[in-house]
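Got a predicted model here, sequence first, then my questions.
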Amino acid sequence: MHNINNLLRQIPKVDELLFHTTLALLASGTVLTQGIREVLDDLRRDIKEGRVDTLPCCDALAEKVAVRLREFNRPNLQRMINGTGIILHTNLGRAPLATEALNAIEDVARDYSNLEYCIKNGERSSRHVHIEKLITHLTGAEAAMVVNNNAAAVLLALSAVEQKDIIVSRGELVEIGGSFRVPDVLAQSGCRLVEVGTTNKTHTYDYERAIEPDLTGALLRVHTSNFIMSGFVAKPGLSELAYIAANHSIPLIEDLGSGCLVNLARYGIHGQPVVADSIKAGVDIVTFSGDKLLGGPQAGIVAGRAKWIAKMKAHPLARAMRIDKLCLAALEATLRLYHEPETAVEKIPTLRMLCESPGMLLEKAQMLKEQLATSGGHKIIVVAGASLAGGGAMPEEGLATATVAINAGISARALELHFRMGAVPIIGRISRDMFMLDVRTIDVEDFRHIASRLQEV
């Protein structure tokens, strides 16, 4: 006890560390004072609990404060290098933006903008006008609007049918990421869920039998993008559902989730529904994401018949769900690239990564291998692999890729930690006790960061 009290008395005062040369350039004022106090409080606690029996010198304490301040000053949200091969990796921020979108954000963020102002008339306007014509042109819809994400778009669409029955196939009552479930959204909208059919088979007559005049508000089709159901299965086509809905004067709503604006079949990617096809089939309201296959910022896009879009725009929830000016600028710039599908594939990172050929990826992997080989003393090989679209799209469709596998003489787990904890975190995966980097999701300009990190091992 006597030694503990002695140590506690010898702890330096805050003022003794305030002007230490190690800390002079890191911070000042309350931030520096708070950092010192936290380090000294930790030291007191360690002494009292018997974990410290020798008092650290002032230099050592100053270094501890410096480490804490550097951690404090480092942004929590930071850029990372994605070597997982999962293109739309939700945990890593989904779609990287095109240069045009980044420029649009910077331009709008730097100064004031005409977000809700009509320059021509000198009057208040709506933020929807900046993007509606672009969406209707690309999809063939009568009208469109944008909210902050697709879940919000679905909730708003359901809310606009005034708390009536919504008919859904049992096979489409899905759960997406983050335990987000379609039945829960229905409940939040105030509508009543009416399940029809079975898990594997739903027919047109199931919908017909469930419709009740004055009670049924809409038919809902949910694209099951994150799983595959095969075998003894059946469901009506969109045009069949649209016919039933029109006959009963109710809307057909389709949650496309990961909406696609161009047909990717020409690039070897099949089975992805295109928004324009849903509109052509007669769907009244189509909702889809901006930051998935579209390759833009987080947004929920709604396209369809003017009657229903107008109701959604006028709904009280629309203001709570509206998109902000930075996302709006990025989305507009991204959509403009779709005027020419080839331009979109070339300039939008998500589409470019999806459509990159195995031959190009092999060349890219060889280039990374050569840069890493300069570090010396490591086993580095190029192996074939499979990338994934991610974001709930194409769950069973692997994309042939080339992967660089690294063995640096330490365990793969330790190497993975080393890469992950760098100034620019590099995320990969472990296979066959090697650290694997899929080049499909890595920009060539980032090879230098990877090589530099490996040299530090």
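All right, it came through fine.

L8 contacts L43, correct?
No. With contact defined as C-beta atoms under 8 Å, L8 does not reach L43; the gap is 9.1 Å. C-beta here means a position set from N, CA and C on the backbone, and glycine is covered the same way.

Show me which of those two is the more surrounded one.
L43 (20 against 13; other C-beta atoms under 10 Å).

Would you agree that one falls within a helix?
Yes. Secondary structure of L43 (DSSP: H, G, I helix; E, B strand; the rest coil): part of a helix.

contacting residues for it?
Listed by C-beta atoms under 8 Å, 6 or more residues apart in numbering, the contact set of L43 reads 11, 52, 56, 61.

my read: the second one touches L7, true?
Same thing as V52. Yes. Under the criterion of C-beta under 8 Å, V52 makes contact with L7 at 7.2 Å.

Would you point out the most distant pair within the contacts of L43?
Using C-beta to C-beta, the two most remote members of those are V52 and L61, lying 11.6 Å apart.

Which one's more surrounded, these two?
Shown here are V52 and L61; by other C-beta under 10 Å, L61 has more neighbours (21 against 16).

Can you tell me how far that one is from V39?
Remark: distance between L61 and V39 (C-beta to C-beta, to the nearest Å) = 6 Å.

and what of A303?
A303 is 56 Å from V39, by C-beta to C-beta.

So between those two, which is more surrounded?
For A303 versus V39, neighbours defined as other C-beta under 10 Å are more numerous around A303 (29 against 21).

need the contact list for that one.
A303 touches 135-136, 139, 141, 143-144, 275, 279, 285-286, 309, counting by C-beta under 8 Å, 6+ apart.

Quick one: the strands in the stretch 51-200 of the chain, in order.
For the stretch 51-200 of the chain, applying DSSP state E, counting those that start in this stretch gives strands covering 81-82, 86-88, 117-118, 123-124, 143-147, 165-169, 175-176, 180-181, 192-196.

Same check on the stretch 201-350 of the chain?
Ranges of strands within the stretch 201-350 of the chain are 216-222, 252-257, 285-289, 300-304, based on DSSP E, counting those that start in this stretch.

now for the second one, which elements pack on it?
Taking 3 or more C-beta pairs under 8 Å, 6 or more residues apart in numbering; DSSP states H and E as contact, the helices and strands that strand 252-257 lies on are helix 150-159, strand 216-222, helix 238-247, helix 275-281, strand 285-289.

and the strands of the stretch 51-200 of the chain, which is most packed in?
strand 86-88 (a mean of 26; mean count of other C-beta atoms under 10 Å).

mind listing what the nearest residue to L40 once chain neighbours are set aside touches?
Leaving out its chain neighbours, the residue that sits closest to L40 by C-beta to C-beta, 6 or more residues apart in numbering is I11, at 6.0 Å. Neighbour list for I11: 40, 43-44, 47, 55 [criterion: C-beta under 8 Å, 6+ apart].

out of those residues, which one sits closest to G122?
Checking those against G122 with C-beta to C-beta, the nearest one is L40 at 60.4 Å.

tell me which residues in the helix or strand in which the closest one is found are buried?
Here L40 sits within helix 29-48, counting by DSSP states H and E. Counting neighbours by 16 or more other C-beta atoms under 10 Å, one finds that the buried residues in helix 29-48 are 32, 34-36, 39-40, 43, 47.

Identify each buried residue in the helix or strand hosting G359, please.
Using DSSP H and E, G359 sits within helix 358-373. Buried residues in helix 358-373, counted by 16+ other C-beta under 10 Å: 361-362, 364-365, 368-369, 371-372.

Report the contact partners of the closest residue in space to T99 that isn't next to it in sequence.
Among residues not flanking T99 along the chain, K347 sits closest, at 7.1 Å (C-beta to C-beta, 6+ apart). Going by C-beta under 8 Å, 6+ apart, K347 touches 98-100, 337.

before we move on, what about V404?
The contact partners of V404, taken as C-beta under 8 Å, 6+ apart, are 365, 368-369, 372, 380-382, 436-437, 439.

Now do it, the pLDDT please.
At V404, the predicted lDDT confidence score is 96.

got it, and M394?
We note a pLDDT of 63 for M394 in this prediction.

which of the residues in the longest strand anywhere in the chain are buried?
Longest strand in the chain, counting residues (DSSP state E): strand 379-390. Neighbour counts over strand 379-390 (16+ other C-beta under 10 Å) mark 380, 382, 385, 387-390 as buried.

Quick one: list the elements packing against it.
strand 86-88, helix 358-373, strand 399-407, strand 434-438.

how about 6 Å then?
Secondary-structure packing of strand 379-390 (3 or more C-beta pairs under 6 Å, 6 or more residues apart in numbering; DSSP states H and E): strand 86-88, helix 358-373, strand 399-407.

mind checking how far the first one is from the chain centre?
On the basis of C-alpha atoms, centre = their mean, to the nearest Å, strand 86-88 sits 9 Å off its chain's mean C-alpha point.

for stretch 408-428, same thing?
For stretch 408-428, the distance to the chain centre is 23 Å (C-alpha atoms, centre = their mean).

Alpha carbons of it, as CSV, please.
The C-alpha trace of stretch 408-428 is given here as CSV (Å, rounded to 0.1, in the frame of the first residue of the first chain):
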residue,chain,number,x,y,z
ALA,A,408,5.0,-14.0,-46.1
GLY,A,409,6.5,-16.5,-43.6
ILE,A,410,3.9,-15.7,-40.9
SER,A,411,0.5,-17.1,-40.4
ALA,A,412,-2.2,-16.0,-42.9
ARG,A,413,-4.2,-14.7,-39.9
ALA,A,414,-1.3,-12.5,-38.8
LEU,A,415,-0.7,-11.3,-42.3
GLU,A,416,-4.4,-10.5,-42.8
LEU,A,417,-4.2,-8.4,-39.5
HIS,A,418,-1.1,-6.6,-40.7
PHE,A,419,-2.7,-5.6,-44.0
ARG,A,420,-6.0,-4.6,-42.2
MET,A,421,-4.3,-2.4,-39.6
GLY,A,422,-2.3,-0.2,-42.0
ALA,A,423,-2.8,3.6,-42.6
VAL,A,424,-4.9,2.5,-45.6
PRO,A,425,-6.6,-0.7,-44.5
ILE,A,426,-6.4,-3.5,-47.1
ILE,A,427,-9.1,-6.1,-46.8
GLY,A,428,-8.7,-9.6,-48.3
